[in-house]
Every structure is written in structure tokens, then in C-alpha cells.
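In: 3D, please:
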Amino acid sequence: MKHNTSRRKIQIDRFKTEMQKAMRSLRKKHGLTQKQLGLILHVDQATISNFESGKTIMSITQVYEMMLIFGSDFTSPVMNELFSNNLAIDNPVHSAVLVA
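Out: Okay, the predicted model is just below:
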């Protein structure tokens, strides 16, 4: 899949959509307003709204913070599937990371 750009794009878009859904769902489940979650992540309410609507993409640091805040609840079955299906052990880049 390393050269299949269109397939990767579809999966990336799917992952972002799932992350947005998970963020909104968990925020509501924990009784947090967008403003309250923004305070935790050190961003304003509008940024949380933009994350949830897909207008803004979270940084890797913010995604990691969300995982620290919400734990394994932050990942959805679709996210887990996307990760597990795309780790190609025979991929030279992936193998180099495993060795390093």
C-alpha cells in the first residue's frame, strides 16, 4: 500500500472523521463543554469546535493529549482496524523504525 496514494488518502480521511467523532462523543460523555476541553488542551472553544467539525486538524501532540485524557476510550474500532491493517512488517521504512 505504500505507493497507493488514493487508498492512503481515503484511510487518512476515514481516520480523521473517526477521531472527530470520538472527540465529540467522549467530551459529551464526560460532561465537558468545548470551552472546558479547550482549557485542558490549552486552546480556545472555537478550536475545539473546529477540531470536531473537521475544519482544523489536531497536532500529534494534541492527539496524544486526548489519549492521555480519555485513555483507550479515545480510539474507536475503526481507528484500531486502520492501524492494525496498515502496519506492514515488510515495509522498509517501518522495519527501520523497529530496528532503531
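
In: For residue 75, give its distance to residue 40.
Out: Going from residue 75 to residue 40 by C-beta to C-beta, to the nearest Å gives 18 Å. Just so you know, the C-beta spots here come from the backbone N, C-alpha and C atoms, and that holds for glycine as well.

In: Kindly report the same for residue 7.
Out: 35 Å.

In: that older thread, which one's more surrounded, residue 75 and residue 40?
Out: residue 75 (17 against 13; other C-beta atoms under 10 Å).

In: Show me where this protein has its helices.
Out: Secondary structure of the chain (DSSP state H): helices at 5-29, 34-41, 45-53, 60-70, 77-86, 92-99.

In: Surely residue 56 is in contact with residue 47?
Out: Yes: judged on C-beta atoms under 8 Å, residue 56 makes contact with residue 47 at a distance of 6.3 Å.

In: Who has more neighbours out of the two?
Out: More crowded of residue 56 and residue 47, by other C-beta under 10 Å: residue 47, with 18 against 15.

In: Look up how far residue 3 lies from the residue nearest to the spatial centre of the chain.
Out: With distances taken as C-alpha atoms, centre = their mean, residue 19 lies nearest the centre of the chain, 4.4 Å away. According to C-beta to C-beta, residue 19 stands 25 Å off from residue 3.

In: now swap in residue 64 and tell me
Out: From residue 64 over to residue 3 the distance is 29 Å, taken as C-beta to C-beta.

In: Comparing the two, which residue is more hemmed in?
Out: residue 64 (12 against 6).

In: can you pull the contacts of the more buried one?
Out: If you count contacts by C-beta atoms under 8 Å, 6 or more residues apart in numbering, residue 64 has none.

In: now the one 3 residues further on
Out: Residues counted as contacts of residue 67 (C-beta under 8 Å, 6+ apart) are 74, 75.

In: Grab the nearest non-local neighbour of residue 50.
Out: Spatially, and ignoring its direct neighbours in sequence, residue 50 is nearest to residue 56 (3.7 Å; C-beta to C-beta, 6 or more residues apart in numbering).

In: er, residue 53 I mean
Out: residue 20 is the one closest to residue 53 (C-beta to C-beta, 6+ apart), at 7.3 Å.

In: close enough to count as contact, that neighbour and residue 51?
Out: Yes: taking contacts as C-beta under 8 Å, residue 20 lies within contact range of residue 51: 6.7 Å.
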